[in-house]
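>>> just to be clear, the model below is a prediction. Sequence and coordinates:
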Amino acid sequence: MIHSFLETPVEYLKGVGPARADLLKKELKIFTFGELLSYFPFRYVDRSKIYKITDIHDDTPYIQIMGTIGRITTAGSQRSKRLIATISDGTGEVDLVWFQGIKWVIDLLIPGKTFIVFGKPSWFNGRLNIAHPELETPPEHTSTLKINLMPFYNSTEKLKSKGLDSKGVSKLIKTLLISEKFYISENLPDEITGDLKLIARETAFINIHFPDNLEILKKAQARLKFEELFFIQLRLLQQKYNRTQKNTGHVFSKVGDNVNNFYHHYLTFELTNAQKRVIREIRQDLRSGKQMNRLLQGDVGSGKTLVALMIMLIALDNGYQACLMAPTEILANQHFQTISRMLSGMGIHISLLTGSTKNLQRKEILQGLFDGTLQILIGTHALIEENVQFRELGVVVIDEQHRFGVAQRAKLWDKNIITPHVLVMTATPIPRTLAMTLYGDLECSVIDEMPPGRKPVITRHVYDSKREEVFGFIKKMIKEGKQVYIVYPLIKESETLDLKNLIEGFEIVREAFPAPGYAISMVHGKMKQPEKDVEMNRFIRKETQIMVATTVIEVGVDIPNASVMVIENAERFGLSQLHQLRGRVGRGADQAYCILMTSFKLTVEAKKRIDTMVSTSDGFIISETDLQLRGPGDLEGTQQSGILNLKIADIVKDEKILKYARNLASDILRDDPSLEKEKNMMLFQHLALMNKYNENWGLIS
Ligand code: ADP
Ligand code: MG
């Protein structure tokens, strides 16, 4: 086996006993030599540079200074006891502080002696100090100067307790690199490394851990980033290729009566250019003879449902059935109402199937599906139950993809021998780079235009101290017949606290808006679904004017009359969440408002989020900003997928590399889809190895 060195279990490494091996596995998911080598430093500190103390400023990271020891004192007693030694280099003075190991350092420190000190400076009571610095005497230092860039590794408390702090990890990796058996085989053919001037894989692995200089470090990073992104793309695109090859799709060759009739006689408005373009893109897929798998992105209210409806009508025109699956009962119900209304009079047979569909009706629906008289079925997860059998399902539309696991998507596809076309709709815009990585196997369409006449939601940032004014505004709006959402944050770690927040908020709201003049609904996560539905429906029927809720407000629920959204503790929400919430209002013709309430204390990031919300309603700008602020790991829908556990590349910073890698992967597969050619041998082998190790991949394929 070519990779036997890298595949060696980590416990075989000198210095890793059973206890450490166990921790490495549990804490860092490091099982093999290869995984240990792929545990890259998160930072390097230049140890060839000696700082002048006057040059140290507020945000100086780890530094080295050289100076002589002055006063040595101890302060505090017992557990707060600490040792303080001053060191000066002629330009300034720094306090070196130890809380532990005092007995040991005190012998080393001799006033007047010169040391090189390494550590992270900070300010305390107006004085610079470095806690627990590393000390070296200058002559010793020259001999270790070879390590100019010192690697820093993330560690955990548990690992540290077994000696595996950054230094300990570094030592293990060094042992591995100098081992006699150390060997890393190349996985990119010369053609690629040559074209891109990438250094060899083995050289890259050595220098990513122990770079001699910045230049070689950069080369090592470039090589490993490219490799990481390239193989992900190669795999995604190959999966996509395999799927389109294997799954012959239904051919929807014609546009017939249903589409024409609807378009000319039932549709009361003109499609936007974006809608037309997207429909064209989809139609091309539907004619191609290959199974369609397309992601349709578009902000809330951009008219995705209408596109879905047109696509379903095309299926009907070609003699097939269609279904639309929504993540909640309320949403499914709403889709059913809207679509039934839009198609009423056309003689199309539509039904709704959810968990609460009564048995008798369910039987009827199942019969209709089976004999083909039922043409469009709208529903929830209930659609994918075993006994739901279509006569000939042509297209599946899935609304709000994030709520469904990919497994469920697959289940739907299994319903027929020939896989139906699948259109996944999402109102959470995904930055392009993320979409490329996360949905690299799907085609992607974007509606980037709002129907005409839509007024952007007016968004304001208001401090808590102005609550009275906000309540006054709400009263004015209610007087005009509008409905209002007041949303409280829900942070999982402290559900009880959140509930307390909500209930307290509810009391405040109830005091400010007393019965009988006002009626208030409340929905929160601790309520059972039927209770929630009751409250939601009261609001939908306008029996209440105010809806106090945690973020459980159903995604996509359409209440055109609700035109004010107040978000409490807005600083505690993520950007995409704020955007989703704001999308709940502004669905009618009236001017809508979103009021973001915060305290005075805002972090820089929170301020940036609020400012972004106030300044734009463009979902793509918002999601890009979100990605930049938080990094991809935190974005909705990415965690469970596991594919974004990138070890070195960053889809924001390395966008160029990502695009290049994707294009190259695509070119290679076009020429050699199964990677059978001699020149692609290494690629084939490396993919096989990845597939062997990465079960996570099953999740998205
Ligand atoms: P989404 O599903 O993307 O949130 P919908 O399809 O529910 O958006 O559309 C939102 C509203 O806009 C609906 O009332 C719909 O009838 C209307 N609408 C959709 N497309 C257009 C259009 N081209 N012109 C005018 N109104 C439209
Ligand atoms: Mg929608």
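Looks like it came in fine. Just so you know, these numbers come straight off a predicted model, no measurement behind them. Ligands and ions are numbered 1, 2, ... in the order given.
>>> SS state for the residue sitting furthest away from the middle of the chain?
In the chain, counting by Cα atoms, centre = their mean, Gly112 sits farthest out from the average C-alpha position, at 54.3 Å. When the structure is split into helix, strand and coil by DSSP: H, G, I helix; E, B strand; the rest coil, Gly112 lands in coil.
>>> ok, it - contacts?
Applying Cβ atoms under 8 Å, 6 or more residues apart in numbering to Gly112 gives the contacts Thr68, Ile69. Yep, even glycine has a C-beta here, placed from its N, CA and C like the rest.
>>> one more time with 6 Å
Contacts were defined as Cβ atoms under 6 Å, 6 or more residues apart in numbering; by that measure Gly112 touches Thr68.
>>> same question for Leu234.
Residues in contact with Leu234, defined by Cβ under 6 Å, 6+ apart, are Ala665.
>>> ok, Glu624 next?
Residues near Glu624 by Cβ under 6 Å, 6+ apart: Pro431.
>>> pLDDT wise, what is Ile311 at?
Ile311 is assigned a pLDDT of 96 by the prediction.
>>> output the contacting helices and strands for the helix or strand hosting it.
Using DSSP states H and E, the secondary-structure element containing Ile311 is helix 304-317. For helix 304-317, the packing partners by 3 or more Cβ pairs under 6 Å, 6 or more residues apart in numbering; DSSP states H and E come out as helix 257-261, helix 273-287, strand 393-399.
>>> same thing but 7 Å
Contact partners of helix 304-317 among helices and strands, from 3 or more Cβ pairs under 7 Å, 6 or more residues apart in numbering; DSSP states H and E: helix 257-261, helix 273-287, strand 293-298, strand 321-325, helix 329-343, strand 393-399, strand 421-426.
>>> in JSON lines: those, plus mean pLDDT, distance to Lys225 and mean neighbour count.
Rendered in JSON lines, the data for the helices and strands packed on helix 304-317 read as follows (pLDDT from 0 to 100; distance: least, Cβ to Cβ, whole Å; neighbours: other Cβ atoms under 10 Å):
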{"stretch": "helix 257-261", "mean pLDDT": "94", "distance to Lys225": "47", "mean neighbour count": "17"}
{"stretch": "helix 273-287", "mean pLDDT": "95", "distance to Lys225": "32", "mean neighbour count": "17"}
{"stretch": "strand 293-298", "mean pLDDT": "88", "distance to Lys225": "26", "mean neighbour count": "23"}
{"stretch": "strand 321-325", "mean pLDDT": "95", "distance to Lys225": "38", "mean neighbour count": "26"}
{"stretch": "helix 329-343", "mean pLDDT": "91", "distance to Lys225": "40", "mean neighbour count": "19"}
{"stretch": "strand 393-399", "mean pLDDT": "92", "distance to Lys225": "33", "mean neighbour count": "26"}
{"stretch": "strand 421-426", "mean pLDDT": "88", "distance to Lys225": "28", "mean neighbour count": "24"}
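>>> pipe the ones you listed into JSON lines and attach distance to ligand 1 per row.
Written out in JSON lines, the entries for the helices and strands packed on helix 304-317 read as follows (distance: least, Cβ to the nearest ligand atom, whole Å):
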{"stretch": "helix 257-261", "distance to ligand 1": "16"}
{"stretch": "helix 273-287", "distance to ligand 1": "6"}
{"stretch": "strand 293-298", "distance to ligand 1": "5"}
{"stretch": "strand 321-325", "distance to ligand 1": "11"}
{"stretch": "helix 329-343", "distance to ligand 1": "7"}
{"stretch": "strand 393-399", "distance to ligand 1": "8"}
{"stretch": "strand 421-426", "distance to ligand 1": "7"}
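>>> and these: which comes nearest Met310?
In terms of Cβ to Cβ, the element of the helices and strands packed on helix 304-317 nearest to Met310 is helix 273-287, at 5.7 Å.
>>> strand 393-399 and the closest one, what's the angle between them?
Using axes from the mean of the first three to the mean of the last three Cα atoms, to 10 degrees, the inter-axis angle of helix 273-287 relative to strand 393-399 is 140 degrees.
>>> need the CA coordinates for helix 273-287. CSV is fine.
Taking C-alpha atoms only, helix 273-287 is exported to CSV below (Å, rounded to 0.1, in the frame of the first residue of the first chain):
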residue,chain,number,x,y,z
ASN,A,273,-36.4,39.1,-16.3
ALA,A,274,-34.7,37.0,-13.6
GLN,A,275,-37.7,34.7,-13.4
LYS,A,276,-37.7,34.3,-17.2
ARG,A,277,-34.0,33.6,-17.2
VAL,A,278,-34.3,31.0,-14.5
ILE,A,279,-37.2,29.2,-16.1
ARG,A,280,-35.2,29.1,-19.4
GLU,A,281,-32.2,27.5,-17.5
ILE,A,282,-34.5,24.9,-15.9
ARG,A,283,-36.2,24.1,-19.2
GLN,A,284,-32.9,23.3,-20.8
ASP,A,285,-32.3,20.8,-18.0
LEU,A,286,-35.8,19.3,-18.4
ARG,A,287,-35.3,18.8,-22.1
